[in-house]
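# Got a predicted structure here, sequence first:
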Amino acid sequence: MSKSNAKPDRFRELKLSLQVFFSNKSAVAGLIIFLFYFFDALILQFFPQILPFKHPYQLTPNYANPIPQPPSFKHPFGTTYPGVDLLNAIIKSIRLDFWLSLEIVIPGAIIGLVVGIIATYFGGWIDEVLMRVTDIVFSIPYLVLAIAIGYVLGRTLQSMMIALILVWWPLYARYARSVTLETKELTFIEAARAAGTSNLKIMFKHILPNSLPPVFVQISLDLGTIMLTISALAFIGFLPAANLPELGYLTSLGYNYIQTAPWAMIIPGLFIVLFALAVNLMGDGFRDVIDPRRRSEL
Amino acid sequence: MLLFIPTLLGLTVIVFVLIHIGGTNKLLAMYLSPRLTGAARQQIIAELDQKFHFNDPIYIQYFYWLAQIFQGNWGITNTPIFSGPVTQAIELFFPNTLMLTIFAAILIWLISIPLGVHTAVNRDKPSDNVIRVGSLTFYAMPWYLIGIILIIIFAVWLKILPINGTVNPSLVADLSWYHNGISYPTHILLIDALIHGNLVVAGNAFLHLIMPSVTLALGVMAALVRLMRGTMLETLDQDFVNFARAKGVPEKVVINLHAKNNALLPVITNFGYLVAGLLGGVVVIEDVFSYPGIGMWLTDAMINNDMGGIMGGTLLFGIILVVTSLALDLIYAKIDPRIRY
Amino acid sequence: MESDQLKSNLAPIVKVENFHLHYYTRRGVYKALNGVNLEIRKGEVLGIAGESGCGKSTLGRAIMGLIPRNAAVVDGRILINGRDYLKPLKDYYKNTKKFKPSKNADVLKKVNNEMSKIRGQEISMVFQEPMTTLNPLLQVGYQIAEVLLYHSPGLLASRRLSRSRAKKEDTKALVKILNENGPNEKFREYLKEKNIMGLEDQILAIWRRKDLHDLKKEQMIEKLCCEPINSFAKNYLETIEKENKLPNFSKIPIFGRIVKRELIKEGYKKASEFLGLLGIPNSDKMVYMYPHELSGGQRQRIVIATAMINSPQLVILDEPTSALDVTIQAQILELIKELKESINSSYMFISHDLSVLAEVSDRIAIMYAGQVVEVGNKDAIFDQPKHPYTQMLMEAIPTIEAHELKGIKGEVPDMRNPPKGCMFRDRCPYAMPICAEKRPDLIKVGEDHYVSCFLYEGGKS
């Protein structure tokens, strides 16, 4: 095809992509929910003064009335131990969980991508060694490894982040490897190599952009998994005496009142599920967009 | 396939590195009872130095440490639920965890593979949509939330299932084969009760197993159904499936023999991840249901900053996962004639 | 209307009438087949030629009923021995406001169930890509045996039972008959008399082998007797022999498995005999191999054997040689020619390669953009191509003699919005105003030679 044709073609492809994505109603719903979380996190992170919170980055306990109260006009979601208003707490928690998930997934993805691409592109023993390393990291269940790393680094929010990045990158390395293995065989890469383009340039100019879309999908799916992992760690007590607005920690606060005040656990739990669900639906939608076969199917 | 040996060694390296980041004191914490003081303490430290060669270079120390691990000297753990040698803790807690995971694994395998096949074959039908939404919801749920919802429904509202532990304490109060929450000889209460012919206790132990194993199963099932559905859809488009149809093979056989077995292959390769998820789930679920297994011991160790428990648990979970992957490789080779070891 | 025009002395097995098939995709509706008219007669080889994307493979698969869920049967019918199996799909399309693949899939399931009775039995198909056509997890013998298991379980049961019924003196007597007279009436009478008809093809398969010494053959035939059999399985096998129908195995605990295993084992034997007949060396070992242990050519032979083992009336060969090396291609073509001699089936040979078609076909149909534009005897098509497209195709075939090779200018029309009139109009040097208005029908231009072009309308040729 001639060059003049290329542009409208790309435009048409983009239009089709949007069409495919928006024809998937559940993916759109996922996107909308995701945007809610995103704006919540954005506002609290950068413009906390808009909201009437005295301590936007802390839970505000009320020891005068620590027993969980059912939802009421004053506390639409009720309260949890020790007298924390759930609506406020959830709004604050979303900020922390959202950024934390991003801060884990993005570095994990970048490290993994670089390692994966290097491994496939050079192949041979480099590939073998790097894959063996990911194998070894994979050989410990990630929750357990995070606990062990957390013990070594001290159980804080930062160490949780570092632990999860250390746990997560091999996943992306594997994933990037399988994607780049396919890309590597594509004819235009061969052509670039035949034309004498340098290795580095081929890797980052040709292979990387082609591996990005599937990795992007994986990132969107993983945001949910990370959120679930963070909350599970917080729930089993990874963060000692945290007083942090974090959804998993928030659920654990209500654990002792499970018989009398089920909402104290279920409502914050629901917001974890909602987020994980949203990013999964959204990710599935993205996957439809980049998968040529699903793309053309009805 | 012999790759599992370097993986196992790598696993020990990771654990060793984690132990040593904190310096020699951390290692000592793993092998030294905190109750010792004074001269006795100094003497034990000297003995440990004999074994671990604290003054040698770190890579030499690794081999001394590895030798100790091979001899079953995994250090000591000191948590409210157990204090003593790590290996002894494992001996006590591991059988319970094994029971729980086997129960869950059976549920998972029996339910999710047929469901995955069903949804793929009946794509976009109401049943597919319901199962898809259901599995996605469970997939998006943290393990403990599934457990808590089950507790609220079956223990708090319906009051038909017990909340925590392995047995109702009043039932085992004066049994000769049950002391301090530990049953003999297998340490699995359900099996021990059956051995001793005590059906009441066995039944009660079984009731206590239901909720944790169902919780564990639900979380993994959600992922497995999705995986199976995807690979099944892909397989159903393949030439050999169409060729089987072209031969006049009944559709049922096409699906259950030709498509399903091929669709299972990528599922088995991905099963390692699922098992890793399952083992992670064990940690959380045992904590939620106060079920005395490795997971509960590990969380207890974490909260109490108990080095022996954390590192011992990590090593054990790693070994379990490596051995399961090995088993999966063998199963894969059994199914796929293209792979021969 | 067209069916009258296509009248011929030979009765058709498959008759395609004004068949339309559209694929529904997100990018639009691909009109893959737009009124195909065609018939396949008994005992002939019909070649189907055309560029890629002209719908020739789609047509082959549609005849088999192997239609994806997003394909709508918009109009027309395909009659197989007079029966239109795809009618429910057309009815669904006609009666629905909005085409839904999932609803179509429901109907398709029923169609599949109906057609599975004739697939492999009356019609069968060989796919293009031998590397992906065989199930990688099953031994090739099983994959061949399966066809027999579901269509002729009676044959398998009878083969097995005959071996247990036959006595030593029977096989000895049979060898004697064969040595004296060959496989004649007397041979068959003896088999019938002793109720061991199932031995016939087993004995003949050995008898016809060329790689063995006569004495060795006699020994092997004499061994086909006195095989003990589980008495319970025997009862079931006898019912299967009588009714030629499989029982519901899941309803027979334990013994169901034994019976099924006996049948499959027998299927392996028959498969190995059949492969031997096709001249495949080491066929007795090959049936226990897995597809990955075989080369592309060997796999394609297995696929062809699977398609042929039940002597179907029609075999659709969808580019059976295109994915193979040239030398292997020649061998496979040779095999197909031999089969044509020995088994009285019809063949529909789909290929983009006219030189291959010239070698094997009796008649040739040329397809363009989802329609048959010309159909006639091989010689007529090659010597007097009528349709401008056919003429251009002929000029594009490379030959040894020097002649100017001409490509065909332009591209196939976008099948989402095919032009209103003749599909070939834009590329046709003889395009006339009428070509833009309506589509030409197939008209007779010679003995059994039909073309759809306005150039020949009104008797001029």
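Great, that's in hand.
# which residues sit against stretch B:194-209?
For stretch B:194-209, the external contacting residues (CB atoms under 8 Å, 6 or more residues apart in numbering or on different chains) are B:99-100, B:103, B:161-162, B:164-168, B:171-172, B:175, B:177, B:185-186, B:189-190, B:193, B:291. Bear in mind the C-beta positions are built from the backbone N, C-alpha and C, glycine included.
# Now a ChimeraX select for only the buried ones of those.
Buried subset of the contacts of stretch B:194-209, written as a ChimeraX selection, criterion 16 or more other CB atoms under 10 Å in any protein chain shown:
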select /B:99,100,103,162,166,167,171,172,175,177,189,190,193,291
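# So for the residue of the stretch 351-461 of chain C at minimum distance from chain A, what's the pLDDT?
The stretch 351-461 of chain C approaches chain A most closely through C:Arg416 (11.6 Å), counting by CB to the nearest CB. Per-residue pLDDT puts C:Arg416 at 84.
# count of neighbours near it?
Neighbour count of C:Arg416, defined by other CB atoms under 10 Å in any protein chain shown: 13.
# residue ranges with poor pLDDT in the stretch 51-200 of chain A?
A:186-189 (pLDDT under 70).
# centroid residue for chain A?
Nearest to the mean C-alpha position of chain A, by CA atoms, centre = their mean, lies A:Leu223 at 1.5 Å.
# who are the neighbours in contact with it?
Counted by CB under 8 Å, 6+ apart, A:Leu223 has contacts A:101-102, A:105, A:275, A:279.
# rerun that using 10 Å as the cut-off
A:34, A:37, A:97-98, A:101-102, A:104-106, A:275-276, A:278-280, A:282-283 (CB atoms under 10 Å, 6 or more residues apart in numbering or on different chains).
# Strands along the stretch 301-450 of chain C, start to end?
C:314-318, C:346-350, C:363-368, C:371-377, C:443-446, C:449-451 (DSSP state E, counting those that start in this stretch).
# JSON lines for these, including mean neighbour count?
Below are the strands of the stretch 301-450 of chain C laid out as JSON lines (neighbours: other CB atoms under 10 Å in any protein chain shown):
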{"stretch": "strand C:314-318", "mean neighbour count": "26"}
{"stretch": "strand C:346-350", "mean neighbour count": "25"}
{"stretch": "strand C:363-368", "mean neighbour count": "26"}
{"stretch": "strand C:371-377", "mean neighbour count": "25"}
{"stretch": "strand C:443-446", "mean neighbour count": "17"}
{"stretch": "strand C:449-451", "mean neighbour count": "24"}
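# Using CSV, lay out the ones you listed together with distance to chain A and mean pLDDT.
Output for those, formatted as CSV (distance: least, CB to the nearest CB, whole Å; pLDDT from 0 to 100):
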stretch, distance to chain A, mean pLDDT
strand C:314-318, 21, 93
strand C:346-350, 24, 93
strand C:363-368, 23, 93
strand C:371-377, 23, 92
strand C:443-446, 37, 88
strand C:449-451, 34, 92
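# Among those strands, which comes closest to A:Thr197?
Of all the strands of the stretch 301-450 of chain C, the one in closest proximity to A:Thr197, counting by CB to CB, is strand C:314-318 (40.5 Å).
# Now do the same for the residue nearest to the centre of chain A: helix, strand or coil?
What DSSP: H, G, I helix; E, B strand; the rest coil gives for A:Leu223 is helix.
# quick one: low-confidence parts of chain C?
C:1-10, C:400-407, C:458-461.
# What's the local residue count around the spatially closest residue to A:Pro141 that is not a sequence neighbour?
In this structure, A:Pro141 finds its nearest non-sequential neighbour in B:Leu279, 4.0 Å apart by CB to CB, 6 or more residues apart in numbering or on different chains. Using other CB under 10 Å, B:Leu279 is surrounded by 25 other residues.
# One more: C:Tyr430?
So C:Tyr430, with other CB under 10 Å, has 12 neighbours.
# surely it meets C:Pro440?
No: the pair C:Tyr430 and C:Pro440 fails to qualify as a contact (CB atoms under 10 Å) at a distance of 12.0 Å.
# list the residues that contact both of those two?
Contacts common to C:Tyr430 and C:Pro440, judged by CB under 10 Å, 6+ apart, are C:424, C:453-455.
# okay if I get the residues you listed as CSV plus secondary structure?
Formatted as CSV, the shared contacts of C:Tyr430 and C:Pro440 follow (three-state DSSP):
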residue, secondary structure
C:Phe424, coil
C:Cys453, coil
C:Phe454, helix
C:Leu455, helix
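# From these, pick the one nearest chain B.
Nearest to chain B among those, with distances taken as CB to the nearest CB, is C:Phe424, at 30.9 Å.
# Skipping its backbone neighbours, what lies nearest that closest one in space?
C:Tyr389 (5.2 Å).
# burial of the one you found, as a residue count?
Neighbour number of C:Tyr389 under other CB under 10 Å is 27.
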